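**Student:** Predicted model and sequence below, questions to follow.
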Amino acid sequence: MIDANTLWLLSFYRSSEISGALFFGRIARTLSASPIAHDLSRHFADESQHAWLWTDCIHQLGARPLAIEAAYQDRYLAAAGLPANLMEVLALTQVFEQRVIRQYAQHGRANGLAPAIRATLTRIMEDEKWHIRWVRRALADFAIRHGKDVVDAALRRFAQADDAVFNQTVDEHAERVREVYNLPRRQS
Amino acid sequence: MTHAEVVKSSIARRVYAPVDQVRDEMMLADFALDSFALVELLIELEETSGIFLSAVDLGDLSTVGELTALIERKAAGRPAEPCRPRQTA
């Protein structure tokens, strides 16, 4: 059985993967046939699979997923504004995926990690590396068409939003995140 | 299809309304599209009209007619090309 903080964090991961799948599924449905539509469809399928992997992991650990209403990405749109075009959707995705990899890697370094959690993190991070590669490639194509400065400005805008949302989320859940990741407590 | 027809049919499809009930003077906010639906709408317009909208472009948009006018202005700034109908199964 897992402790309450770990259960919350794994449920949070699961909720974020579900939100990602729903988002990419809707964008993939909107696009006509193209290389981006192809890769976005695989990305959508991966996010769905990740949601299932976290669901299964929580079950293997003898628990049931918690319902987490607001996913991490839901706060992005509030912080950065709507992506106005496909390039901005991909810029947001690039920034978000980099954050996900960093967080999953940090979780993977925690002491005494349950084998089921380690296996799930390892499996998902392999997919996340491909996500970053295909989105980077697509953004490079957009840079050729619309200018590198336009793409860089979008990446900066979403990176700023990501920093704000991440810091806000960590502040809200500081104790449980610190405990799960084995981080030192803040000095008061 | 004209740009106005593309905009109205894209909105109508998302709110499950007949296209003739989407009028130029109607406020975009009144359609109660969620954030994801708005992003879908913008990307569909980008695909069908071949234009590239920016966050700055969207700044003060309020009505269906203003969105259509924006698409027309953007389209006028590049070589003439008819709107592409969406390919659906």
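**Tutor:** Great, that's in hand. Numbers count the residues shown, from 1 in each chain, chains lettered A, B, ... in the order given.
**Student:** show me where pLDDT drops low in the chain?
**Tutor:** Answering for chain A, as no chain was given. Filtered on pLDDT under 70, chain A yields the residue ranges A:71, A:73, A:184-188.
**Student:** my question was about chain B
**Tutor:** B:78-89.
**Student:** got the residues of it near chain A?
**Tutor:** Contact residues, chain B versus chain A (CB under 8 Å from any CB of the partner chain): B:35-40, B:42-44, B:46-47, B:52-55, B:57-58, B:86-87. No exception for glycine: its C-beta is placed from N, CA and C like everyone else's.
**Student:** From those residues, which land in helices?
**Tutor:** Counting by DSSP state H, the residues of chain B next to chain A place B:35-40, B:42-44, B:46-47, B:55, B:57-58 in helices.
**Student:** Can you pull out the residues in contact with stretch B:15-24?
**Tutor:** For stretch B:15-24, contacts defined as CB atoms under 8 Å, 6 or more residues apart in numbering or on different chains pick out B:4-5, B:8-9, B:11-12, B:31-33, B:63-65, B:68.
**Student:** What are the buried residues along that stretch?
**Tutor:** B:Val22 (16 or more other CB atoms under 10 Å in any protein chain shown).
**Student:** Could I have the buried ones of the ones in helices among the residues of chain B next to chain A as PyMOL selection syntax?
**Tutor:** Entered in PyMOL, the line below selects the buried ones among those, by 16+ other CB under 10 Å:
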select buried, chain B and resi 36+37+38+39+40+42+43+44+46+47+55+57+58
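**Student:** In JSON lines: the ones in helices among the residues of chain B next to chain A, plus distance to A:Leu92.
**Tutor:** Converted to JSON lines, those look like this (distance: CB to CB, whole Å):
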{"residue": "B:Ser35", "distance to A:Leu92": "12"}
{"residue": "B:Phe36", "distance to A:Leu92": "12"}
{"residue": "B:Ala37", "distance to A:Leu92": "16"}
{"residue": "B:Leu38", "distance to A:Leu92": "14"}
{"residue": "B:Val39", "distance to A:Leu92": "10"}
{"residue": "B:Glu40", "distance to A:Leu92": "14"}
{"residue": "B:Leu42", "distance to A:Leu92": "13"}
{"residue": "B:Ile43", "distance to A:Leu92": "13"}
{"residue": "B:Glu44", "distance to A:Leu92": "18"}
{"residue": "B:Glu46", "distance to A:Leu92": "15"}
{"residue": "B:Glu47", "distance to A:Leu92": "18"}
{"residue": "B:Ala55", "distance to A:Leu92": "12"}
{"residue": "B:Asp57", "distance to A:Leu92": "17"}
{"residue": "B:Leu58", "distance to A:Leu92": "15"}
